[in-house]
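Peer 1: sequence first, predicted model second:
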Amino acid sequence: MDSKSVEDMIEGSSGFHFSGFHMDGSKLNNIEKPTTTLAIENVHKQPFIIGVAGGAASGKTTVCDMIIQQLHDQRVVLVNQDSFYHKLTEEELATVHEYNFDHPDSFDTEKLLDSMENLRHGQAVDIPNYDFKSYKNSVFPARRVNPSDVIILEGILIFHDPRVRELMNMKIFVDTDADVRLARRIRRDTVEKGRDIGVVLDQYSKFVKSAFDDFILPTKKYADIIIPRGGDNHVAIDLIVQHIRTKLGQHDLCKIYPNLYVIQSTFQIRGMHTLIRDSQTTKHDFVFYADRLIRLVVEHGLGHLPFTEKQGLYILVWISVRGYAVYQLLEVVRVWRMLCEHVAKGSRLARFLFIGKVRTTVSSLFMKNYHKTSQKGNTAVKAISLLIRKGVPESNIIFLNLISAPQGVHVVCKSFPRVKIVTSEIDIGLNEEFRVIPGMGEFGDRYFGTDDDDLQVVPPSQ
Ligand SMILES: Nc1ncnc2c1ncn2[C@@H]1O[C@H](COP(=O)(O)OP(=O)(O)O)[C@@H](O)[C@H]1O
Ligand SMILES: Nc1ccn([C@@H]2O[C@H](COP(=O)(O)O)[C@@H](O)[C@H]2O)c(=O)n1
Ligand SMILES: [Mg+2]
């Protein structure tokens, strides 16, 4: 993963970074049309895959449960290697105590790889439930696993096959002393699985101990993190959760542009994105949730203000608008004012420059091809250029953007590497009309409850 080229990252950076949406309104962006400037069908958000290996009864499941609990604001699924035990033949079942459940060949790794491939491509999979008592994998009912932000793959030999290892973004080995593992195994197998202690000890000396030495322990070297004492090691688990959170909040574009900040996605934020993208959302709710999101973006942006300096810092508030010159001016003014109010509520340091004028100038320069130029971020570039011409140091500019398109981010970041961009989401891309998809429709119209027919063209007061 880390060996990805910049080109790969740019290519992959346009992937989904939102939870879901529901739109059917004619006024919203052209989501129904699959024709985009990117290959939309092939673009989907890649899950963060964590592998957890370690000896039997070392505490793998306990560690996974703790990670899942702490990542409560992310969608996490656990896939156990146990679910991929081969089905036993009648003969093997008859002499089950002779069967080695700790050998790599006892797992159907091809099936596991198939399931992972589907999940990585955004498709739900049915994973069998393994029953330790009957030694059977029951497909009825299987467990439906949906594509998620985080997939945890857990099992004694989950690091054994290099193809499975290759899928993982993080590898954890739970390291627990052999005597502790044996004591826990005896308790678990006798109490939970109702096995005879003699059978448990027999299996341990015949298969479990040697498989640990021959197959499991040698995979420890692949681990990025080794957790001694398993679930008792709260410090290690906290650090792991923190790392996962950081990685999840990081859009691929952030790896290319260090001055790009995408606010960390939580269920709350996803919910708000879903609501403002939904054409059925009432104006009242749209305003409410848009305001909440804007406040979050503004607050994040204000977090970048230096607190020792007192000189002015310009905050450029920008939002994509419809491409007709007269309308545009009106639109920019009302949206701009609304956003500035949010900024002003949060900071007394901010000074504002009326960028409505810039947009007019820009639109007259680019009248013919307004959408093409504006939606690619070029008007933002013009506006930032104007601030710089007015003497504002590039590094003092924070560009707040509710929802961005990757193309716009590339243009602005490349042109002004010292300008900070703060956004709540980077959408998938632009459609053939250069509108952000999925986008959220005409923000101004939805926020102010207007459309083309309602508009009265009045000169904006400055
Ligand atoms: N830190 C711990 N202290 C005490 N018991 C534990 C601890 N971690 C796990 N166990 C118990 O040991 C057994 C095996 O733990 P589990 O997490 O299922 O291990 P694994 O998934 O590696 O087989 C379970 O019965 C569990 O309740
Ligand atoms: N029918 C089975 C299948 C597996 N085992 C043992 O389970 C261990 C792996 O599960 P963990 O939760 O401990 O990772 C492994 O050591 C197998 O021997 C079994 O006893 N019966
Ligand atoms: Mg387990």
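Peer 2: Structure received. Numbering: from 1, shown residues only. Ligands and ions are numbered 1, 2, ... in the order given.
Peer 1: give me the buried positions along the helix or strand harbouring Phe140.
Peer 2: Using DSSP states H and E, Phe140 sits in strand 136-145. Neighbour-count burial for strand 136-145, counted by 16 or more other C-beta atoms under 10 Å, picks out 137, 143, 145. No exception for glycine: its C-beta is placed from N, CA and C like everyone else's.
Peer 1: who does that strand touch, helix- and strand-wise?
Peer 2: The contact analysis (3 or more C-beta pairs under 8 Å, 6 or more residues apart in numbering; DSSP states H and E) places strand 136-145 against strand 125-131.
Peer 1: pull the CA atoms of the strand it packs on into CSV?
Peer 2: Extracted in CSV, the C-alpha atoms of strand 125-131 (Å, rounded to 0.1, in the frame of the first residue of the first chain):
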residue,chain,number,x,y,z
VAL,A,125,-20.8,-11.4,1.1
ASP,A,126,-22.4,-14.3,2.9
ILE,A,127,-19.9,-15.8,5.3
PRO,A,128,-20.6,-19.2,6.8
ASN,A,129,-21.0,-19.7,10.6
TYR,A,130,-18.6,-22.2,11.9
ASP,A,131,-19.9,-24.5,14.6
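Peer 1: list the neighbouring strands of that strand plus their orientation.
Peer 2: strand 136-145 (antiparallel) (DSSP bridges).
Peer 1: skip the chain neighbours and tell me the closest residue to Val241.
Peer 2: Gln70 (4.4 Å; C-beta to C-beta, 6 or more residues apart in numbering).
Peer 1: contacting residues for that neighbour?
Peer 2: 237-238, 241 (C-beta atoms under 8 Å, 6 or more residues apart in numbering).
Peer 1: identify the residue of the stretch 301-450 of the chain closest to ligand 3, quick one.
Peer 2: For the stretch 301-450 of the chain, the residue closest to ligand 3 is Glu425, as judged by C-beta to the ion, at 36.5 Å.
Peer 1: mind checking pLDDT for Ile216?
Peer 2: pLDDT recorded at Ile216 is 98.
Peer 1: list the contacts for it?
Peer 2: 53-55, 102, 156-157.
Peer 1: tally of neighbours for the residue of the stretch 251-400 of the chain found nearest ligand 2?
Peer 2: The minimum distance from the stretch 251-400 of the chain to ligand 2, using C-beta to the nearest ligand atom, falls at Phe267 (29.7 Å). Other residues near Phe267 come to 12 when the count uses other C-beta atoms under 10 Å.
Peer 1: what about the single nearest residue of the stretch 1-150 of the chain relative to ligand 3, how many residues close to it?
Peer 2: The nearest approach of the stretch 1-150 of the chain to ligand 3 comes at Thr61, 3.4 Å away (C-beta to the ion). Using other C-beta under 10 Å, Thr61 has 18 other residues around it.
Peer 1: what helix or strand is it on?
Peer 2: helix 60-70.
Peer 1: helices or strands up against the next helix or strand after that helix?
Peer 2: Note on helix 60-70: by DSSP H and E, the next helix or strand toward the C-terminus is strand 76-80. For strand 76-80, the contact count by 3+ C-beta pairs under 8 Å, 6+ apart identifies helix 60-70, helix 109-120, strand 150-154 as packing neighbours.
Peer 1: that older thread, would you mind checking the average pLDDT for the strand holding Phe140?
Peer 2: 82.
Peer 1: quick one: contacts for the residue in the stretch 201-350 of the chain that ligand 3 sits nearest to?
Peer 2: Across the stretch 201-350 of the chain, no residue is closer to ligand 3 than Gly230, which sits at 10.8 Å (C-beta to the ion). Gly230 sits next to 54, 58-60, 62-63, 174-176 when contact means C-beta under 8 Å, 6+ apart.
Peer 1: so which of those residues are also by ligand 1?
Peer 2: 54, 58-60, 62 (C-beta under 6 Å from any ligand atom).
Peer 1: which member of the residues you listed is positioned nearest ligand 2?
Peer 2: Lys60 (5.7 Å).
Peer 1: next, count neighbours for the closest one.
Peer 2: The local packing of Lys60 (other C-beta under 10 Å) involves 27 other residues.
Peer 1: you'd agree it is up against Asp175?
Peer 2: No: counting by C-beta atoms under 8 Å, Lys60 sits too far from Asp175 to count as a contact (10.7 Å).
Peer 1: and for the two, which residues touch both?
Peer 2: 54, 230.
Peer 1: could you dump stretch 229-237 to CSV, C-alpha only?
Peer 2: The C-alpha trace of stretch 229-237 is given here as CSV (Å, rounded to 0.1, in the frame of the first residue of the first chain):
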residue,chain,number,x,y,z
ARG,A,229,-0.8,-9.8,27.0
GLY,A,230,-3.6,-9.3,24.5
GLY,A,231,-6.7,-7.6,25.8
ASP,A,232,-5.0,-6.6,29.0
ASN,A,233,-2.8,-4.3,27.0
HIS,A,234,-5.0,-1.2,27.0
VAL,A,235,-2.2,1.1,25.9
ALA,A,236,-1.5,-0.9,22.8
ILE,A,237,-5.2,-1.1,21.9
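Peer 1: could you pull up phi and psi at Ile186?
Peer 2: phi -60, psi -50 (degrees, to the nearest 10).
Peer 1: surely it touches Leu201?
Peer 2: Yes: Ile186 lies in contact with Leu201 (C-beta under 8 Å); the separation is 7.4 Å.
Peer 1: now do the same for the residue in the chain that ligand 2 sits nearest to: helix, strand or coil?
Peer 2: Relative to ligand 2, the nearest point of the chain is Ala56 (3.1 Å; C-beta to the nearest ligand atom). Using DSSP: H, G, I helix; E, B strand; the rest coil, the structure places Ala56 in coil.
Peer 1: make 474 the first number, not 1, from now on.
Peer 2: Done: numbering now begins at 474, and the last item shifts to Ala529.
Peer 1: how much space between it and Leu585?
Peer 2: 18 Å (C-beta to C-beta, to the nearest Å).
Peer 1: for Asp652, same thing?
Peer 2: Taking C-beta to C-beta, one finds Asp652 at 31 Å from Leu585.
Peer 1: the two: which has the busier surroundings?
Peer 2: The neighbour comparison of Asp652 against Leu585 (other C-beta under 10 Å) goes to Leu585, with 23 against 8.
Peer 1: so for Glu906, what's the pLDDT?
Peer 2: Glu906 carries a pLDDT value of 71.
Peer 1: winner for burial among the helices and strands packed on strand 549-553?
Peer 2: Comparing the helices and strands packed on strand 549-553 by mean neighbour count (mean count of other C-beta atoms under 10 Å), strand 623-627 ranks first with a mean of 24.
Peer 1: give me the sheet partners of that strand and which way each runs.
Peer 2: strand 521-527 (parallel), strand 549-553 (parallel).
Peer 1: so which bits of the last one are buried?
Peer 2: For strand 549-553, a neighbour-count test (16+ other C-beta under 10 Å) marks 549-553 as buried.
Peer 1: please apply the same query to the first one.
Peer 2: For strand 521-527, a neighbour-count test (16+ other C-beta under 10 Å) marks 521-527 as buried.
Peer 1: contact partners for whatever residue of the stretch 574-723 of the chain ends up closest to ligand 3?
Peer 2: Going by C-beta to the ion, ligand 3 is nearest to Glu627 of the stretch 574-723 of the chain, at 6.3 Å. By C-beta under 8 Å, 6+ apart, the contact set of Glu627 is 524-526, 533-534, 537, 551-554.
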